[in-house]
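Enquirer: Need coordinates for the below:
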Amino acid sequence: MAKLFWQSLLAVPAALGAAVAVSGSAIAADAATNVQVSNFDQDSVQLAQITSVSELTDVLPSDWAFQALQSLVENYGCIQGYPDRTFRGQRSLTRFEFAAGLNSCLDVIATLIAQSGINPDDLATIRRLQEEFQAELATLRGRVDALEADTATLRAQQFSTTTKLRGQVDFHLITPIDTIPGETSTSVASRARLNFDSSFTGRDRLRIRLQSRDGNAINPSGLRGLANGGSSDNFNISVDDFYYSFPVGNRIKVTASARGLQGDDWVTSTIVPFDGPSVADAGGPAFYESGGSSSNGAGVGVSIAFTDNLVFDAGYTAGNPGATNPSVGVFAATSQSYIGQLSYLSDGFLDAAFAYMHNDQSAIFQGGNPGATDTFAGLVNLDFGNFFIAGHGAYQTFNGGNDFSWTAGVGFNDLFLEGAQLGVYGGQLPQRTGRTENPVLVEGYYQIPFNKFLTITPAVIYGDTGLAGVTDQTGFWGALRATFRF
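Expert: The predicted structure follows:
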């Protein structure tokens with residue numbers, strides 16, 4: 001009886017320690033995610049006593065805590081399961097469940113005391129153990145108190161329970177190696193973004209993006225400039241994105257945009273790995289933005305995942321509808337564009353997509369005559385592990401002619417450093433007004449992640465504007481981009 005009593009008594013600190021650990025995890029998780037729990041599952045306190053761990057249907061011998069649970073159930077008899085005979089060991093412990101588990105262990109001790117009393121020697125041992133672990137218990141109590149105080153401070157001073165603030169800043173230093181008209185000296189370009197991402201269900205997202213930017217090199221007509229640059233804002237802060245996306249079931253996502261989405265913003269993936277790491281904007285397939293509506297307009301999109309690998313995306317953008325005439329409305333805007341893309345996205349060797357785009361009005365192509373533009377494009381990425389080959393081709397028809405543009409290249413992931421990428425790509429960009437040939441751009445870059453906050457990307461870029469009647473239409477640039485994320 002004495003042995004059983006000591007086993008039961010020892011179960012109390014064991015159960016208490018597990019409860020404190022799980023409760024601390026729950027508090028920390030709550031502080032990290034800024035989620036306030038207002039509704040509790042009241043069924044969680046209606047627990048059922050079990051006599052063998054085998055009665056718990058979701059506890060397997062392969063689980064790392066199986067032996068601990070088996071000991072608490074079969075030796076001490078103070079672990080309870082849910083009414084459906086599950087233990088739910090992956091979820092956080094509520095205060096109700098903690099009280100129920102502790103009460104079960106105390107009931108065992110009370111029964112033993114009533115049956116046999118407590119031996120004076122046992123009481124002496126308890127006092128000795130209490131004195132021996134007094135410092136550790138005080139330390140544990142202090143840590144719990146500090147954690148509760150920190151959690152209370154976070155809740156009182158948090159920005160929002162539903163919104164997270166994320167930022168990105170890009171600095172560029174661009175030096176012409178071989179001069180070209182309009183690109184004769186070292187220049188600086190920058191862009192700053194603040195994303196306010198809100199979620200009300202855990203699966204939806206409301207994004208409001210504030211952006212400011214200035215400077216854009218590698219920008220003779222047709223070469224498209226920097227991926228993260230742009231001279232149009234001149235450090236004025238503007239709302240660059242404003243949209244809300246939400247799921248419909250498990251395989252459909254709908255997005256409604258008031259501003260900022262067009263072309264490749266509607267698709268799940270642009271397939272080619274150069275889109276993002278490249279310093280020049282041409283690293284992203286240029287056809288998405290060639291002949292499309294202004295991103296200032298409103299739009300709506302839908303993404304349907306037929307399987308885990310096969311995804312269809314569709315989007316519509318109206319070019320700044322009603323900016324000067326609100327009676328025009330969204331579907332009567334002067335410039336409207338549509339996109340549909342079917343993508344095969346694997347975790348292995350092949351990623352591929354076919355895209356179709358239509359724009360009602362475009363004057364950017366050869367001749368400058370406004371008219372509809374239709375684009376048919378294919379994209380592919382062959383992943384050999386740390387080495388990939390990727391590219392795209394796009395055929396466009398417009399008022400007065402047609403055009404074919406493409407890019408292709410190779411890259412190495414995790415080269416010398418985990419998360420680094422070395423890439424070389426090139427191709428001909430979409431043809432525009434005043435050209436006898438398509439502009440050509442080639443870039444080699446090496447993206448270096450120094451840590452989770454800072455990425456440095458040096459690059460060398462070659463461009464040929466393809467302009468008629470221009471003596472010097474080619475140039476080389478050296479570029480260095482620093483990206484800070486916070």
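Enquirer: Every contact and neighbour count from this point should use C-alpha atoms.
Expert: Fine.
Enquirer: what separates Phe486 from Thr457, distance-wise?
Expert: Per Cα to Cα, to the nearest Å, Phe486 is found 18 Å from Thr457.
Enquirer: Looking only at neighbour counts, state which of those two leads.
Expert: The residue with more neighbours, out of Phe486 and Thr457, is Thr457; 21 against 11, by other Cα atoms under 10 Å.
Enquirer: what's Ile271 sitting at in phi/psi?
Expert: Dihedral pair for Ile271: phi 70, psi -50, per degrees, to the nearest 10.
Enquirer: same deal with Gly283?
Expert: Dihedral angles for Gly283 - degrees, to the nearest 10 - are phi -60, psi -30.
Enquirer: residue contacts, it?
Expert: Residues counted as contacts of Gly283 (Cα atoms under 8 Å, 6 or more residues apart in numbering) are 227, 274-276, 425.
Enquirer: most surrounded residue in those?
Expert: Phe274 (28 neighbours).
Enquirer: my read: that one touches Gly284, true?
Expert: Yes - counting by Cα atoms under 8 Å, Gly284 is a contact partner of Phe274 at 6.5 Å.
Enquirer: What does the residue of the chain positioned farthest from its centre show for phi and psi?
Expert: Distance from the C-alpha centroid of the chain, by Cα atoms, centre = their mean, peaks at Pro120 (62.3 Å). The phi/psi pair for Pro120 (degrees, to the nearest 10) reads phi -50, psi -30.
Enquirer: separation between it and Ile126?
Expert: From Pro120 over to Ile126 (counting by Cα to Cα), the distance is 10 Å.
Enquirer: which stretches of the stretch 51-200 of the chain have low pLDDT?
Expert: Along the stretch 51-200 of the chain, segments meeting pLDDT under 70 span 76, 112, 116-118, 181-182.
Enquirer: Also the stretch 201-350 of the chain?
Expert: 220-221, 231-234, 291-296, 320-334.
Enquirer: Make CSV out of the contacts of Gly283 and add secondary structure.
Expert: Listed next are the contacts of Gly283 as CSV, based on DSSP: H, G, I helix; E, B strand; the rest coil:
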residue, secondary structure
Ala227, coil
Phe274, coil
Asp275, coil
Gly276, coil
Tyr425, strand
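Enquirer: Can you tell me which of these lies closest to Thr407?
Expert: Tyr425 (6.8 Å; Cα to Cα).
Enquirer: Three-state assignment for the closest residue to the closest one other than its chain neighbours, please.
Expert: With Cα to Cα, 6 or more residues apart in numbering as the criterion, Tyr425 has its nearest non-adjacent residue at 3.8 Å, and that residue is Gly409. With three-state DSSP as the basis, Gly409 sits in strand.
Enquirer: Gly409 touches Val442, doesn't it?
Expert: No - using Cα under 8 Å, Gly409 makes no contact with Val442, being 9.4 Å away.
Enquirer: Next, show the common contact partners of these two.
Expert: By Cα under 8 Å, 6+ apart, the residues touching both Gly409 and Val442 are 424-426.
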